[in-house]
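# Show me the folded form of this:
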Amino acid sequence: MLLIRKAGERGHADHGWLNSWHTFSFADYYDPDYMGFGSLRVINDDRVQPGMGFGAHPHRDMEIISYVLEGALEHKDSMGNGSVIRPGEVQRLSAGTGITHSEFNPSTSEPVHFLQIWILPGQMGLSPEYEQKLFPDEEKRGTLRLIASSDGRDASVTIHQDASVYAALLESGEGIVHAILPDRHIWVQVARGKIGLNGYTLEQGDGAAVTEEDRLEIAGLENAEILLFDLA
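Residues are numbered from 1 along each chain as shown. Down below sits the predicted model:
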């Protein structure tokens, strides 16, 4: 069964410096039907204007993944980490017992477009951790490249949850298949472009909850970038 979440049905907040679309309930946006999907709690589709960003703020007991699509995102945290995340790079922040961080667009002229993803950890009260890795485009073209997993396999970042996150770049006419193991649940998010998903059409910003299926056939209807979440 596929349940499609259309881009325009998401929660929306436009603060001038930040234009954000919320797939699931977040901040002032509340929809009891979209509180998350399994351990997947947040997918925020954020665009931040040049020189603007999120000042220092706290998190705890959450696995936070930042996936930059365009521009750059500067990160600083209370563990002493400081970095700039660019397209192709994935940042994982395990908030654990508590961490403070800030996120800014360091450019003076270009906006940054990124997805911020929150996944509930399988265990509370862990020590905070930080990780950042590059996944080149050539590793994602025409295939599902593992970017986050519970065991860090295939050089993915490590999250504290039974979940696997994949990224793929598809050209028009290109297709891939993902086998779904029993008792697993899938969320597909279209970061850009257009795809076919088991016969349904999904466009930029659309998402789909997949349950009680044994395989996914994903086709590029135009050049596209997607994330696929394989959840317990």
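
# Mind listing the residues bridging to the nearest residue to L115 once chain neighbours are set aside?
On the basis of Cβ to Cβ, 6 or more residues apart in numbering, the spatially nearest residue to L115 that is not a chain neighbour turns out to be Y67, at 4.5 Å. Backbone N, C-alpha and C define where each C-beta goes, glycine included. Under DSSP bridges, the beta-bridge partners of Y67 are V90, L115.

# For the residue lying closest to S127 once chain neighbours are set aside, identify the helix or strand it belongs to.
Taking Cβ to Cβ, 6+ apart, and ignoring the residues beside it in sequence, S127 has G96 as its nearest neighbour in space, at 5.3 Å. Per DSSP states H and E: G96 is located in neither a helix nor a strand.

# what residues are up against G96?
Contacts here follow Cβ atoms under 8 Å, 6 or more residues apart in numbering; on that basis G96 touches 60-61, 121, 125-129.

# Out of those residues, which sit inside strands?
When strands are assigned by DSSP state E, the members of these inside them are E129.

# can you put the contacts of G96 in TSV and add neighbour count, pLDDT and distance to F114?
Formatted as TSV, the entries for those read as follows, by neighbours: other Cβ atoms under 10 Å; pLDDT from 0 to 100; distance: Cβ to Cβ, whole Å:
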residue	neighbour count	pLDDT	distance to F114
R60	13	98	22
D61	16	98	22
P121	18	98	21
G125	10	97	28
L126	16	97	24
S127	9	98	26
P128	19	98	21
E129	18	98	20
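
# now, among the contacts of G96, which is nearest to W187?
For W187, the closest of the contacts of G96 turns out to be P121, at 17.4 Å, with distances computed as Cβ to Cβ.

# Might one say that the closest one is in contact with R60?
No: P121 is not in contact with R60 according to Cβ atoms under 8 Å; the separation is 10.1 Å.

# number of nearby residues for G82?
For G82, the count of nearby residues is 10 (other Cβ atoms under 10 Å).

# isn't it right up against K76?
Yes: with contact taken as Cβ under 8 Å, G82 and K76 are classed as touching, separated by 4.8 Å.

# do you know how far the residue nearest the centre of the chain is from G51?
By Cα atoms, centre = their mean, the mean C-alpha position of the chain lies nearest to I117, the distance being 4.3 Å. I117 is 24 Å from G51, where distance means Cβ to Cβ, to the nearest Å.

# And S172, by the same measure?
According to Cβ to Cβ, S172 and G51 sit 36 Å apart.

# Likewise for P106?
Distance check for P106 against G51: by Cβ to Cβ, it reads 8 Å.

# repeat for T108
From T108 over to G51 the distance is 6 Å, taken as Cβ to Cβ.

# Only the buried residues of whichever strand or helix holds A56, if you could.
Mapping A56 onto the secondary structure by DSSP H and E places it in strand 53-59. Neighbour-count burial for strand 53-59, with 16 or more other Cβ atoms under 10 Å as criterion, is recorded at 53-54, 59.

# Tell me how many other residues crowd P136.
When neighbours are defined as other Cβ under 10 Å, P136 has 10 of them.
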